[in-house]
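Fold the stuff below for me.
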Amino acid sequence: MKFIHSREEEVNDGRDGMHEEIEANEKRATAPSSLPDDVVEEIFIRLPVKTIIRLKSLSKQWSLRIKSHSFAEKHLKMASSYQANHPSLMLLPYPITVTGTKIEFNPFSLGGRRRLSSTQLSFPQPFLGWIHSSKSCDGLFCIQSSKSTCVVNPATRWFRYLPPSRYQVLNPTSAELVTAAAFVKAAVDYKLVWLYNSFPNEGVTVTTCEVFDFRANAWRHLTFTPSLRVFGMPESANGSVYWFTEVDNNYKIDVIAFDIHTEKFRLLPNIHPVTSSSVCHSSMCTLDDRLCVLTTTTLLDKEFWRLKSSEDMWEKIFTIDLFSTPLYWIGNESSWTPVTMWKKTKMLLSHPCSMNLVIYNLQTRSVRILNIQPHTVCTPYFESLISHI
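Numbering: from 1, shown residues only. Got it, this is the predicted structure:
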């Protein structure tokens with residue numbers, strides 16, 4: 001009996017030692033790393049947002065570091081640099097009319113040409129009628145309807161409702177927005193710039209501009225706005241927001257710019273030698289923080305123009321002959337819109353009517369169609385921790 005008792009003690013001692021070892025391993029896994037803080041931070045800023053959020057629950061020290069604004073900015077900078085060579089998109093679903101409280105956000109990796117895990121968010125207030133989504137700004141989106149405006153970060157599931165704008169207050173029965181707002185970053189703060197035609201159904205070429213200040217949590221009405229009809233989705237680049245406009249209502253295509261910092265408007269020079277008689281369609285995009293315009297001529301050539309940094313002249317980058325590419329039979333030739341470009345040889349084009357997305361190789365003139373679900377908004381996107389603005 002004594003032998004058996006000693007054997008049990010031996011076994012118990014072994015089990016206790018094993019439990020101690022397991023507990024020690026768990027403590028090492030959940031406790032802050034013995035690595036220097038700057039090394040830990042360099043590791044963390046390279047991780048996906050969902051992984052970082054999980055890490056907050058493992059350590060109070062890690063949680064404080066991850067919640068800091070400086071860490072969010074460093075993670076944002078790293079994600080932005082990674083996007084240059086490994087582009088990804090955000091797709092918002094079709095249709096663009098929403099009567100419920102749920103919106104699904106679908107990220108898509110261009111590098112791997114694959115869908116990423118989608119996020120469906122439920123909002124306390126429904127988006128009634130037609131909605132507009134801004135382009136992504138630091139991983140954030142502005143979702144607008146005629147009744148409400150909301151800023152959302154799909155990666156962190158954070159959102160914030162904004163107070164009604166002047167347009168929403170004065171048009172309580174309207175079911176459709178006349179145009180969309182641009183969500184931009186100015187210095188260390190964010191702004192929402194909304195330029196719209198004051199009387200779109202009466203032919204009056206007077207515009208109204210409202211700017212939302214996130215720090216003051218209020219809309220400001222700008223008194224000095226251009227008397228020019230604006231149309232299309234706005235683009236932002238190089239500290240400005242841009243819209244297409246028609247000068248003197250003579251259907252001559254021009255671009256008007258709004259300086260985010262000075263909050264003043266200016267009319268950009270014409271895209272020489274483009275004239276109203278030679279252009280049947282135009283679209284804008286932003287590449288490398290520079291405004292670009294893609295025009296379709298009457299000869300069905302796609303001419304790609306880029307605004308110089310001095311903003312006093314346009315330069316033509318290249319021309320796409322639609323008849324020599326498969327783009328001609330994939331969709332209506334005048335509706336192709338540039339989304340993004342990477343590695344200087346590949347361009348992503350979107351066709352809003354057919355909802356096709358294609359990768360066009362500028363060197364080989366080949367086209368690869370991306371098989372994705374129907375969408376209404378396609379914008380370059382990367383995850384960020386920016387929230388609570």
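
Correct me if wrong, but residue 135 is in a helix.
No - read with DSSP: H, G, I helix; E, B strand; the rest coil, residue 135 is coil and lies in no helix.

Which residue, other than its chain neighbours, is closest to it?
Take residue 135 and drop its neighbours on the chain: the residue closest to it by Cβ to Cβ, 6 or more residues apart in numbering is residue 379, 4.6 Å away. Using the backbone N, CA and C atoms, a C-beta is placed for each residue, glycine as well.

What's opposite that neighbour in the beta bridge?
residue 90 (DSSP bridges).

Point out where the stretch 51-200 of the chain drops to low pLDDT.
Segments of the stretch 51-200 of the chain classed as low confidence (criterion: pLDDT under 70) are 94-99, 113-114, 172-178, 199-200.

just the strands in it please.
In chain order, the stretch 51-200 of the chain shows strands spanning 88-93, 102-109, 114-115, 119-122, 131-133, 141-145, 149-153, 158-162, 182-186, 189-199, with DSSP state E, counting those that start in this stretch as the criterion.

Given the second one, what are its sheet partners and their directions?
In other words, strand 102-109. strand 88-93 (antiparallel), strand 114-115 (antiparallel), strand 119-122 (antiparallel).

and the angle for that strand with strand 158-162?
Our comparison of strand 102-109 with strand 158-162, counting by axes from the mean of the first three to the mean of the last three Cα atoms, to 10 degrees, yields an angle of 130 degrees.

Which of the strands of the stretch 51-200 of the chain sits closest to residue 310?
Closest approach to residue 310 among the strands of the stretch 51-200 of the chain (Cβ to Cβ): strand 182-186, 20.8 Å.

contact partners of that closest one?
Contacts of strand 182-186 with the rest of the structure, by Cβ atoms under 8 Å, 6 or more residues apart in numbering, involve 134-135, 137-138, 140-142, 151, 190-194, 234-236, 239, 241, 260-261.

and it, which residues are buried?
182, 183, 184, 185 (16 or more other Cβ atoms under 10 Å).

same deal with stretch 221-231?
With burial defined by 16+ other Cβ under 10 Å, the residues of stretch 221-231 counted as buried are 222, 225, 226, 228, 229, 230.

Those into CSV, with extra columns for secondary structure?
As requested, these are arranged in CSV below (three-state DSSP):
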residue, secondary structure
222, strand
225, coil
226, coil
228, coil
229, strand
230, strand
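
Most widely separated two among those?
The largest distance within the buried residues of stretch 221-231, taken as Cβ to Cβ, falls between 222 and 229 and amounts to 17.2 Å.

Check which element follows the helix or strand harbouring residue 302 along the chain.
Residue 302 is part of strand 301-307, with elements assigned from DSSP states H and E. As assigned by DSSP H and E, the chain's next helix or strand after strand 301-307 is strand 314-321.

Pull the distance from that following strand to the chain's centre.
When distances are taken as Cα atoms, centre = their mean, to the nearest Å, strand 314-321 is centred 25 Å away from the chain's centroid.

Parallel or antiparallel, which strands does it pair with?
On the basis of DSSP bridges, the sheet neighbours of strand 314-321 come out as strand 301-307 (antiparallel).

Can you list the buried residues in the partner strand?
When neighbours are counted by 16+ other Cβ under 10 Å, the buried residues of strand 301-307 are found to be 302, 303, 304, 305, 306, 307.

Not counting that strand itself, show me its contacts.
Outside of strand 301-307, the residues within contact range by Cβ under 8 Å, 6+ apart are 268, 271, 274, 287, 290-297, 313-322, 336, 338.

Any of these buried? List them.
Buried positions within the contacts of strand 301-307, assessed by neighbour count (16+ other Cβ under 10 Å), are 268, 271, 274, 287, 291-297, 314, 320, 322, 336, 338.
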